[in-house]
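>>> sequence unknown, structure follows:
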């Protein structure tokens, strides 16, 4: 990279290797740009999925529990217990989702 060019600048100049060094640095720069772009795309998708996930408890309560309550199949207390159970399931899934980012950072650092 740049440190290698700085260290070997005299040798590069004497051997007229400017073009080769420029191509190598250009390739490295394109690699950095590609990784940055892929990271941005992933973060955008991750944020979208997390925003959907944040509303699942409310949505599932509305779709599953409220109709049963309105039909008289559930009491208000049973509906609140169901909402609490959905909240517990959601928080368990959040542990997996939140750990995923940490695990991918660890994997990237190790490999």
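Nice, thanks for sending it over. Please read these numbers as outputs of a predicted model, since none were measured by experiment. Numbering: from 1, shown residues only.
>>> sketch out the low-pLDDT regions of this protein for me.
1-21, 23, 25-26 (pLDDT under 70).
>>> look up how far residue 81 lies from residue 59.
Residue 59 sits 18 Å away from residue 81, going by CB to CB, to the nearest Å. Heads up, the C-betas are built off the backbone N, CA and C, glycines and all.
>>> can you check residue 22 too?
Distance of residue 22 to residue 81, given as CB to CB: 68 Å.
>>> kindly report the same for residue 91.
For residue 91, the distance to residue 81 - CB to CB - is 16 Å.
>>> same check, this time on residue 73
For residue 73, the distance to residue 81 - CB to CB - is 14 Å.
>>> please apply the same query to residue 69.
12 Å.
>>> residue 63 now?
Applying CB to CB, the value for residue 63 to residue 81 is 17 Å.
>>> residue 93 too?
19 Å.
>>> same thing with residue 110?
From residue 110 to residue 81 the distance is 43 Å (CB to CB).
>>> equivalent analysis for residue 88, please.
In terms of CB to CB, residue 88 sits 11 Å off from residue 81.
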